[in-house]
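K.L.:
with the input below, show me the fold.
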Amino acid sequence: MLSLKQIHSGLVLSADREFGCVGEGDALISDQPGRTLSIRTADCLPILLLDRRTGAVAAIHAGWRGTVAQIAPTAVHRMIEEFGSRREEIIAAIGPGIGQCCYEVGDEVARQFGEKGLCHLNLAEHNRRQLIEVGVSPVNIDVISTCTFCNMEEFFSYRRDGERAGRMISYIQTPQAR
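P.N.:
Residues are numbered from 1 along each chain as shown. Okay, here's the model as predicted:
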């Protein structure tokens, strides 16, 4: 399994080895057979992408900073540039993550999303829209809208549990052979 030292950024790295930590960033991409890409979350969104035609994949960690930095569209562009992916062939799974119901942010963060004052952000919807804007078909995007903060029995939540919160691992594997 490949992983990252996640830094809440817009950095997308190519998974250039078979296992271990690839480096600092918040998304991994690969088209190499049998590679398993992973990210860890505890309120931020996991976003997994698969190009059905080429078998290229991405594992993305998208908090508010990564969303502002357009990390999901950047991963799509990198898949197109590096692996010949086509937007219409990419399918996406978003979430679970903190829901709009529980994700209140202050003015400084709200402004990054075109809002003012205290507001409740819907990170999943912002990322869904970004994927659509970059050409991923809405019918190819599945959003798991379960809130990690609300569902204490099922999910870890950094906002709810602080430093003692565990992490969920989301992963995707390239096909063994094409």
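K.L.:
ok, which stretches of this structure are helices?
P.N.:
In the chain, the helices defined using DSSP state H lie at 64-68, 71-83, 107-112, 123-133, 158-161.
K.L.:
just give the closest residue to Lys5, not the sequence neighbours.
P.N.:
Distances taken as Cβ to Cβ, 6 or more residues apart in numbering put Glu24 closest to Lys5, at 4.7 Å, once the chain neighbours are dropped. Yep, even glycine has a C-beta here, placed from its N, CA and C like the rest.
K.L.:
report the distance from stretch 73-83 to the chain centre.
P.N.:
Centroid displacement of stretch 73-83 relative to its chain, using Cα atoms, centre = their mean, to the nearest Å, is 14 Å.
K.L.:
can you list contacts of that stretch?
P.N.:
10, 12, 14, 27, 29, 31, 47, 49, 51, 54, 56, 58, 60, 85-87, 90, 130-131, 133-136 (Cβ atoms under 8 Å, 6 or more residues apart in numbering).
K.L.:
got the contact list for the residue lying farthest from the centre of the chain?
P.N.:
For the chain, the residue at maximal distance from the C-alpha centroid (Cα atoms, centre = their mean) is Gly117, at 26.0 Å. Applying Cβ under 8 Å, 6+ apart to Gly117 gives the contacts Asp107, Ala110.
K.L.:
give me the beta-bridge partners of the closest residue to Gly97 other than its chain neighbours?
P.N.:
Closest residue to Gly97 apart from its sequence neighbours, by Cβ to Cβ, 6+ apart: Leu45 at 3.9 Å. For Leu45, the beta-bridge partners under DSSP bridges are Ala62.
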